[in-house]
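A.B. asks: Below: sequence and its predicted model.
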Amino acid sequence: MNRIALIFILAALFNGCVTFKPDSASVSQKDYNQRVDVSSAHFDKVLTPAGKASFAVGAIAGGVVGYTLADTKYGSNENPANYKKGSPIVGGIIGAFTGFTATYLINKALGLGKVRRPETPEEWISRANSRYVLLKANNVENFRIVDGDVESSWTVKNIQDARDFSTAFKSSSSYANNVCKQTLYNSGIYRKDYIELLRLYPENSSLMDMKLRFIDLSTSVFDLYAAADLYPEANVNVEDKSTEMIAGFEDAKRFNSRYPKSQLNKKVIIKALDNSSAEEVSKMPPLFKSDFNLTEKDFQKYPTTDNGKRNYLNSQFILKPARSFSDVEFTYYKYKWLNYANKPTDILNRYWNIGYTTFYDGDDLIAFIKRLSYDPEFSIWNISRELSNNFLQEKLAEEVRGKVTVTVEGQMGNNNPEWENWLNNTEYSAGIVNDESNIDFVVYGLVKNNSNFSLPVKIDVNAKMYLKETIQGTGTWTNALLSLAEAVTGQKVSESTRDGGTASESYFVPEINRGESLMYAVVLDYGESTRYGINAFDLYKFTQEIGISDVSTQCSFNDLYLSQATIEKQEIWQNFARYGIPNANLIDAWRNVEYSDNEWQEKKVEIQEARRRAWQEAIAESRNESEKVSTNDKCWVEVYPEVNESDWDICGFSVTLYEITCIDEDGDESTHFFYYWDDPDGNDCGILSGGSGYYEEVLGFNSYLGDDGLEAALRDLCDCEKD
């Protein structure tokens, strides 16, 4: 029995239990021609039917062996009574499992579960389904295939279908002619595709039909002639066909070059008129000779557009330029039957161009153009009054744009001169000032008419307004601090500008004669913008000033009626330009009165004089009391000091600075400077916190000594005590 089991096992080993089976990651759905795309094609090593059976055989063989061995008695020969016998069922189960495992391991050793790439797409196809045919391969793992049984029912929707049929079944296929027939009048097949189709299927019953279709699909004269020359055997009447395809002058030239004596020349000429320029049309007579002389019947036989008629008629003036009104009238009368929408306008232009160079006075030309619309002599041209007026407006507008110049001669604002006085007064001026009225600017200049016509014009003036904000010191050291701040911060602290809006205004000139120059002026109103200034203790002045920039002008034709109000307004503007614009009132904001720098200067002098008198009176009173300042043991002023007078600027006022020498108990002398500050109006300037009284000045610092008289101030200054 063991031998029998061994035989079964060996049979399983050598009986071709595993083989490679074609597989892929994905296969697309079949399209209308049964084409599919295969992705990641490969071979998997799997069990054959014999391999699958080998597991059963191995398990059975193992079970038989296990069963047999378990049924055998074993023990000592010396004591036969002790012989034992195993369980055949358990032995059979163990043997079957062992046989199954051994079979699996053997199949695994033979390659079960392995994967390999195909050598070629054809190898995979032949193993997967030999009925399929390769169409296209990106590589050995990714390709497109088609069912070979679809050859007889192949559908053509585009050029790729025709290509795939040729690849899969060859052009010699008995069904190739069916494919070619499907390409005819197929919306998915384009003209350029037929060149490829004729190459793919050089021999089929539809060959001539495809050539004719290729020629018929030509979209230009150039393509048509090229196709006919490529397939002359098609024997197409290209001459007739090409006349329907004439698209312009170049096509007409090609036709004439191919058929110089064609009976269809007039048709070709008229066909070319619409998309040709008059200059191109004027080049046709040398090509078409007498056929270029078209008649009314020719245009009736071969209709064209208004543009085509216009190009033909305008070409006559290129071939024979008009040098007089008679030349213009001769040509238009010759072709009076050739009517189109813009013919009256063209006639006006011809008259204008001749008259522009022949009339000395342009106004005479204007009168003549108007006459064309109402004089019966010219009624044949059908020129209406409306057309004549509109035409003149356009032409005169061109004259204004090209021949009238506008220059800006100057500009001025309505700021008050007191503004500059306030700004330049560094000693004593108002704390806050501002313009009471809105900001206006006058821009004025000249308009000159360089044309030969009297013209009504409108001048548009536009300008930007900017706000200029500044900080400036009233003295050397305050400006030095500003410069230091700018150096430290790297920013322009003393001045900045920002946009303040735009304004525009128009000036109307009812008529400016040829060669004449006139003055214009406009007032640009920027609304509620105002100037203002802030005086910070006569140390710094903060200002917002207003100016205009980017002044531009534009001149245009304008014959609108001017109202009396507009005329009067413009006269006022001109007077502003001649005599100046009224000043805005500069207001002292704290006092709510009009600012006057003279009044501030007078007040300053008055205050300084009062201080000087008060000081002199104090000195006299002190000298009358004593030649010396009486002292006790703590007061060591030697004698009443001699006084050296010098001017000193304090808060914008000039004060008298005095020098005094003090002697202490050790006999050491010290020099001090002091002055008297009279502040009757309470104008505390910030650095003099005590108000009226005596002050000591030390390196720019001011110490208050009181206002109890000169002697008390000197004792305080020299650190003395009164008896």
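C.D. replies: Cool, got the structure.
A.B. asks: what's the domain layout of this protein?
C.D. replies: Following automatic domain parsing, one finds the domains of the chain at 2-128, 154-217, 404-594, 597-717.
A.B. asks: I'd like to know which of those domains is closest to Tyr332.
C.D. replies: domain 404-594 (25.4 Å; C-beta to C-beta). Where C-beta positions appear, they are placed from N, C-alpha and C, glycine not excepted.
A.B. asks: residues in contact with stretch 318-325?
C.D. replies: Residues outside stretch 318-325 that contact it (C-beta atoms under 8 Å, 6 or more residues apart in numbering) are Ala278, Glu279, Ser282, Pro285, Asp327, Val328, Thr331, Arg350, Tyr351, Ile354, Gly355, Thr358.
A.B. asks: Run through the strands of the stretch 351-500 of the chain in chain order.
C.D. replies: For the stretch 351-500 of the chain, strands defined by DSSP state E, counting those that start in this stretch occupy the ranges 404-413, 432-435, 440-449, 455-473, 495-512.
A.B. asks: any chance of those in JSON lines, with mean neighbour count too?
C.D. replies: Conversion of the strands of the stretch 351-500 of the chain to JSON lines gives the following (neighbours: other C-beta atoms under 10 Å):
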{"stretch": "strand 404-413", "mean neighbour count": "15"}
{"stretch": "strand 432-435", "mean neighbour count": "20"}
{"stretch": "strand 440-449", "mean neighbour count": "20"}
{"stretch": "strand 455-473", "mean neighbour count": "18"}
{"stretch": "strand 495-512", "mean neighbour count": "15"}
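A.B. asks: closest to Trp381 out of the ones you listed?
C.D. replies: Going by C-beta to C-beta, the one of these nearest Trp381 is strand 455-473, 26.2 Å.
A.B. asks: what are the pairing partners of that closest one, and which direction each?
C.D. replies: strand 495-512 (antiparallel), strand 540-557 (antiparallel) (DSSP bridges).
A.B. asks: any chance of the domains of the chain in CSV, plus mean pLDDT and distance to Lys289?
C.D. replies: Below are these laid out as CSV (pLDDT from 0 to 100; distance: least, C-beta to C-beta, whole Å):
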stretch, mean pLDDT, distance to Lys289
domain 2-128, 66, 58
domain 154-217, 92, 30
domain 404-594, 85, 44
domain 597-717, 67, 93
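A.B. asks: what bridges to the most centrally placed residue in the chain?
C.D. replies: For the chain, Asp499 is the residue whose C-alpha lies nearest the centre (C-alpha atoms, centre = their mean; 22.9 Å). Beta-bridge partners for Asp499, by DSSP bridges, are Tyr466.
A.B. asks: ok, now which ones touch it?
C.D. replies: By C-beta under 8 Å, 6+ apart, Asp499 lies in contact with Lys464, Met465, Tyr466, Leu467.
A.B. asks: can you list the strands of the stretch 351-500 of the chain in TSV and add distance to Arg385?
C.D. replies: Listed next are the strands of the stretch 351-500 of the chain as TSV, based on distance: least, C-beta to C-beta, whole Å:
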stretch	distance to Arg385
strand 404-413	26
strand 432-435	54
strand 440-449	26
strand 455-473	19
strand 495-512	21
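A.B. asks: So which of those is nearest Leu714?
C.D. replies: strand 455-473 (34.7 Å).
A.B. asks: Now list the buried members of the contacts of stretch 318-325.
C.D. replies: Ala278, Ser282, Val328, Thr331, Arg350, Tyr351, Ile354, Gly355 (16 or more other C-beta atoms under 10 Å).
A.B. asks: Tell me the predicted confidence for the second one.
C.D. replies: It refers to Ser282. In this prediction, Ser282 carries a pLDDT score of 97.
A.B. asks: just checking, it touches Ser315?
C.D. replies: Yes. Ser282 is within contact range of Ser315, at 4.2 Å (criterion: C-beta atoms under 8 Å).
A.B. asks: what helix or strand does the closest residue to Ala278 other than its chain neighbours sit in?
C.D. replies: Nearest residue to Ala278, sequence neighbours excluded (C-beta to C-beta, 6 or more residues apart in numbering): Asn314, at 3.8 Å. Per DSSP states H and E, Asn314 falls inside helix 306-319.
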